[in-house]
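Engineer: prediction below, plus the sequence it came from.
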Amino acid sequence: MIWLTWRQHRAQILLTAGFLAALGLLLLGSAVEAKLYVAEHAPPGCPGPAPACADLEVALGERYDTVYTLFGWMPLVLPALIGAFWGAPLLGREYERGTHRLAWTQATPVGRWLAVKLALLGGAVVAGGLVLSAMVSLWRPVFRDGIDSSFGNVGVFNMVGVAPAAWWLFAFALGTAAGTLFRRTLPAMALAVAGVAVAMFTLVTLLSDHYAEPARTVLTGTVTLDDPDVRLVGATWLDPAGREVADPPSSVCPRRVDAGRSSRNAEAWQKCLFGKGYRYAVSYHPPSRFWRFQWTEAAILTLAATALGGLAVRRTLRHRV
């Protein structure tokens, strides 16, 4: 069964391995070149959190804009591709071609056939996700040395730690279940891509802020937290009596926005409010919760993958022809 699984799915395995190798070479090349660029152009202590390093960070961003653009799409695109090209054809293609009638009447029981395939291919996608996580974790410090943004930036968060492995496993299970639902590959691929997009929107936008009770701090004199890697949940102004106000009255501090000077006017408006006794309350998750959020998201995705895998097995065993 192991050899048969390799023969049937070697195209996906080799293409994915080739993609990871090419991506690794791209990240390695950009990292080495960036190291040389930083060594030649960086002020002392940069890259890092010092204000003097801002120009260097802008220069790096412009220099590697193409790499950053590719990186920005990977958290969504890669799991969708795993679901479409690993999960959907696993059973959908068997049904579509009618080869399941032959495969499932051999000496190997259907249950064992399914168990070996799901275990081997599921383990392969988990390993691939962990390899991707390792490469990204080694690549980012070259550009963000001393400025960790792996928690506050949800896109980066889903590319490091155990999150990529969990997302890849979920996408694989979703595609597999879709294959048993439609019994055709293309509709299963479409459902896998759409399902990954919906799941990512739901977890990242709606649920992730509720993985833990947000911390709350009240600021005076500034509306920005010291740590750039916090994950903001919400913020509101407090009037001198401590009541929350969505927008301070314009009669307290008039706010004027002029073309080309909006940032300066906003700072002046904020300074006026602080001078009148207003404060700024911020709800957030600190970076120390990185692994708590990683394991929480991974647990949700793994449970969903287990349920989808169980659904696929049940439908396969009940509908063998």
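Structural biologist: Now that the structure is in, tell me what you want to look at.
Engineer: all strands for the stretch 201-321 of the chain, in order.
Structural biologist: With DSSP state E, counting those that start in this stretch as the definition, the stretch 201-321 of the chain shows strands at residue ranges 215-219, 231-238, 244-245, 279-285.
Engineer: quick one, which of these is nearest to residue 299?
Structural biologist: Of all the strands of the stretch 201-321 of the chain, the one in closest proximity to residue 299, counting by C-beta to C-beta, is strand 279-285 (17.2 Å). (C-beta placed from N, C-alpha, C; glycine too.)
Engineer: mind checking how far the closest one is from the chain centre?
Structural biologist: How far strand 279-285 lies from its chain's middle: 24 Å, per C-alpha atoms, centre = their mean, to the nearest Å.
Engineer: in PDB, list the C-alpha atoms belonging to stretch 289-309.
Structural biologist: Provided in PDB are the C-alpha atoms of stretch 289-309 (Å, rounded to 0.1, in the frame of the first residue of the first chain):
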ATOM      1  CA  ARG A 289       0.400  34.800  23.900                       C
ATOM      2  CA  PHE A 290       2.000  33.700  20.600                       C
ATOM      3  CA  TRP A 291       2.200  30.000  21.400                       C
ATOM      4  CA  ARG A 292      -1.200  30.000  23.200                       C
ATOM      5  CA  PHE A 293      -2.800  31.400  20.000                       C
ATOM      6  CA  GLN A 294      -0.700  29.000  17.800                       C
ATOM      7  CA  TRP A 295      -1.800  25.900  19.700                       C
ATOM      8  CA  THR A 296      -5.400  27.100  20.000                       C
ATOM      9  CA  GLU A 297      -5.700  27.700  16.200                       C
ATOM     10  CA  ALA A 298      -3.900  24.400  15.500                       C
ATOM     11  CA  ALA A 299      -6.300  22.500  17.800                       C
ATOM     12  CA  ILE A 300      -9.400  24.000  16.100                       C
ATOM     13  CA  LEU A 301      -8.000  23.200  12.600                       C
ATOM     14  CA  THR A 302      -6.900  19.700  13.700                       C
ATOM     15  CA  LEU A 303     -10.400  18.900  15.200                       C
ATOM     16  CA  ALA A 304     -12.000  20.200  12.000                       C
ATOM     17  CA  ALA A 305      -9.600  18.100   9.900                       C
ATOM     18  CA  THR A 306     -10.400  15.000  12.000                       C
ATOM     19  CA  ALA A 307     -14.100  15.500  11.600                       C
ATOM     20  CA  LEU A 308     -13.800  16.000   7.800                       C
ATOM     21  CA  GLY A 309     -11.600  12.900   7.500                       C
END
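Engineer: format the CA atom coordinates belonging to stretch 129-138 as PDB.
Structural biologist: Backbone C-alpha positions of stretch 129-138 (Å, rounded to 0.1, in the frame of the first residue of the first chain) are rendered in PDB as follows:
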ATOM      1  CA  GLY A 129       3.800  22.800   6.400                       C
ATOM      2  CA  LEU A 130       6.500  22.500   9.100                       C
ATOM      3  CA  VAL A 131       9.300  22.800   6.500                       C
ATOM      4  CA  LEU A 132       7.600  26.000   5.200                       C
ATOM      5  CA  SER A 133       7.400  27.400   8.800                       C
ATOM      6  CA  ALA A 134      11.100  26.700   9.400                       C
ATOM      7  CA  MET A 135      12.100  28.400   6.200                       C
ATOM      8  CA  VAL A 136      10.100  31.500   7.000                       C
ATOM      9  CA  SER A 137      11.200  31.600  10.600                       C
ATOM     10  CA  LEU A 138      14.800  31.700   9.400                       C
END
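Engineer: buried ones in that stretch?
Structural biologist: Under the neighbour-count criterion of 16 or more other C-beta atoms under 10 Å, stretch 129-138 has 129, 131, 132, 133, 135, 136 buried.
Engineer: just those now: which is nearest residue 232?
Structural biologist: When the buried residues of stretch 129-138 are compared for distance to residue 232 (C-beta to C-beta), residue 136 wins out at 22.8 Å.
Engineer: wait, doesn't residue 297 sit right on residue 208?
Structural biologist: Yes. With contacts defined as C-beta atoms under 8 Å, residue 297 counts as touching residue 208 at a distance of 6.9 Å.
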